[in-house]
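Undergrad: this one's sequence-less:
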């Protein structure tokens, strides 16, 4: 009998407590007449607010929901944002790069014009050397001896001319492939030969296309100025000088949106290789404003994504009874190993892409329309170089000795290359978090927030007293 009356007695006691305001009224609904707790629906209570599909999905599949909406979607939003900001930056920087490239080619052409004068003088001296040959005397009895003597004299003249011209040719080659290429860039523009499709290509290949287009425009302007000006030019100037000033090599060039996109990604992630930078006021102002906001947004996205991924992984380790991988030295070692393993994977991918887009195995010949041609073969890259690149990018060091070249980068690459390094960032941040947990015993040793809260309570009591 006593067992049957116990629930009713409990209810009476709780009702009495409610009257005395010892128990909040809403807690009485949590107990059935038989002493069991009610099964309340999520978010039901004071307002009877409806539960949305996102809340239902989050409660039904919390890991999948958080991974999709707090990791995948924010990360993929970074890609179109980089493409948009990169496009705006390219629109600002491209005109300045085009003017700079045209000026570099014009300076080279002016120097070559002076070089041609020196070369012409050298060959005039060679002809004069030929004329100095003395005809043989009466002792010569046949033409064979005469030709032998003349050939020896001619070879001596040519050797003298070659010796005089060799420093000039060497300096030309050094300047052409050294100084001029250092003054030309294709970070914001992309060029190809006339009639060819514009696509990612190595720097020297694009430089050849730009130079050939400039040379074609120079010859066309030279002919037009010869007809227009004739002998009306000032003393000391000719139509070639005017054509050098006005010629352009942008006939078959377009904006390099992919280069601007990956550059903006390096700003957002603070990698900053240093291989290029905005040179206009508008470009720098864009980096000052949107670039700074991009850094903040990326830090927030990476922090949230890292926290979610670490929470999901720790939950998985607990469910499979690998608690040692959640805290302590083994957890830090696990994430360090995962980071290094991922660096190896990225290094292998980088090496494959490099050998695919650069003439490493089979060289090519750079053919210029002025008759010059030079063999070109890119230096090979080792796996250790690829790992070094993966390390300095994945840790956001970005030294700049190895970097993602704008010339060979395409918009298609934006949909997988940044993701490779975003995974590196997550591994690196998770390792740092676990390492901080190991180092905490060497610090305060207790929860700092709890200690400070106790001190505030003590101060509040002292003030009240």
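TA: It's in. Just so we're clear, the structure is a prediction, and the values are computed from it rather than from any experiment.
Undergrad: run through who's touching stretch 340-349.
TA: 383, 386-387, 389-391, 393-394, 420-421, 423-424, 427 (C-beta atoms under 8 Å, 6 or more residues apart in numbering). Just so you know, the C-beta spots here come from the backbone N, C-alpha and C atoms, and that holds for glycine as well.
Undergrad: buried stuff in it?
TA: 342-343, 346-347 (16 or more other C-beta atoms under 10 Å).
Undergrad: cool, and stretch 353-369?
TA: 353-354, 357-359, 366.
Undergrad: for stretch 188-203, same thing?
TA: Quick answer for stretch 188-203 (16+ other C-beta under 10 Å): 188-193, 198, 200-203.
Undergrad: end to end, how far does it reach?
TA: 12 Å (C-alpha to C-alpha, to the nearest Å).
Undergrad: which residues does that stretch contact?
TA: By C-beta under 8 Å, 6+ apart, the list of residues contacting stretch 188-203 reads 89-90, 93-94, 97-98, 101, 181, 186, 206, 208-210, 212-213, 216, 249-256, 258-260, 357-359, 378, 405-410.
Undergrad: next step: the buried residues of stretch 188-203 restricted to helices.
TA: Those of the buried residues of stretch 188-203 mapping onto helices are residue 203, per DSSP state H.
Undergrad: ok, the buried residues of stretch 188-203 vs residue 75, which is closest?
TA: Minimum distance to residue 75 across the buried residues of stretch 188-203 is 24.2 Å, recorded for residue 200 (C-beta to C-beta).
Undergrad: tell me, how many residues neighbour residue 68?
TA: 12 (other C-beta atoms under 10 Å).
Undergrad: state the distance from it to residue 352.
TA: 30 Å (C-beta to C-beta, to the nearest Å).
Undergrad: and what of residue 270?
TA: Taking C-beta to C-beta, one finds residue 270 at 27 Å from residue 352.
Undergrad: how about the strands in the protein?
TA: With DSSP state E, the ranges of strands along the chain come out as 189-191, 253-255, 364-367, 373-376.
Undergrad: which one of those lies nearest to residue 59?
TA: strand 253-255 (47.7 Å).
Undergrad: now do the closest one: which elements does it pack against?
TA: helix 73-131, strand 189-191 (3 or more C-beta pairs under 8 Å, 6 or more residues apart in numbering; DSSP states H and E).
Undergrad: and with 6 Å instead?
TA: Strand 253-255 sits against strand 189-191, with contacts defined as 3 or more C-beta pairs under 6 Å, 6 or more residues apart in numbering; DSSP states H and E.
Undergrad: where does the nearest residue to residue 278 once chain neighbours are set aside land on pLDDT?
TA: Excluding the flanking residues, the one nearest residue 278 by C-beta to C-beta, 6 or more residues apart in numbering is residue 284, at 5.0 Å. Listed pLDDT for residue 284 reads 95.
Undergrad: what about residue 284, neighbour count?
TA: With other C-beta under 10 Å as criterion, residue 284 counts 15.
Undergrad: got it, and residue 407?
TA: 22.
Undergrad: roughly how far apart are it and residue 262?
TA: 11 Å.
Undergrad: now the nearest residue to residue 437 once chain neighbours are set aside: phi and psi?
TA: Leaving aside its chain neighbours, residue 437 sits nearest to residue 327 (6.1 Å; criterion: C-beta to C-beta, 6+ apart). Dihedral pair for residue 327: phi -140, psi 160, per degrees, to the nearest 10.
Undergrad: kindly provide the distance from residue 327 to residue 313.
TA: 13 Å.
Undergrad: tell me which of the two has more neighbours.
TA: residue 313 (17 against 14).
Undergrad: who's in contact with the more buried one?
TA: The contact partners of residue 313, by C-beta atoms under 6 Å, 6 or more residues apart in numbering, come to none.
Undergrad: what do you get for residue 262?
TA: Here residue 262 is in contact with 404, 409 (C-beta under 6 Å, 6+ apart).
Undergrad: now swap in residue 408 and tell me
TA: Contacts of residue 408 by C-beta under 6 Å, 6+ apart are 200, 357.
Undergrad: poorly predicted segments of the stretch 1-150 of the chain, please.
TA: Within the stretch 1-150 of the chain, the segments meeting pLDDT under 70 span 1-51, 114-150.
Undergrad: what about the closest residue to residue 298 other than its chain neighbours, neighbour count?
TA: Nearest residue to residue 298, sequence neighbours excluded (C-beta to C-beta, 6+ apart): residue 268, at 4.6 Å. Applying other C-beta under 10 Å, we find 24 other residues in the vicinity of residue 268.
Undergrad: right, and residue 278 touches residue 285 too?
TA: No - the criterion here is C-beta atoms under 6 Å, and residue 278 misses it with residue 285 at 8.9 Å.
Undergrad: between these two, which one's more packed in?
TA: residue 278 (22 against 13).
Undergrad: thinking again about what came up before, look up how far residue 84 lies from the residue nearest to residue 278.
TA: Residue 284 is 18 Å from residue 84, by C-beta to C-beta.
Undergrad: tell me the contacts of residue 186?
TA: 206, 407.
Undergrad: quick one: it from residue 91, how far?
TA: 16 Å.
Undergrad: same check, this time on residue 61
TA: Counting by C-beta to C-beta, the gap from residue 61 to residue 91 is 43 Å.
Undergrad: now swap in residue 415 and tell me
TA: In terms of C-beta to C-beta, residue 415 sits 22 Å off from residue 91.
Undergrad: ok, the two, which is more surrounded?
TA: More crowded of residue 415 and residue 91, by other C-beta under 10 Å: residue 91, with 15 against 12.
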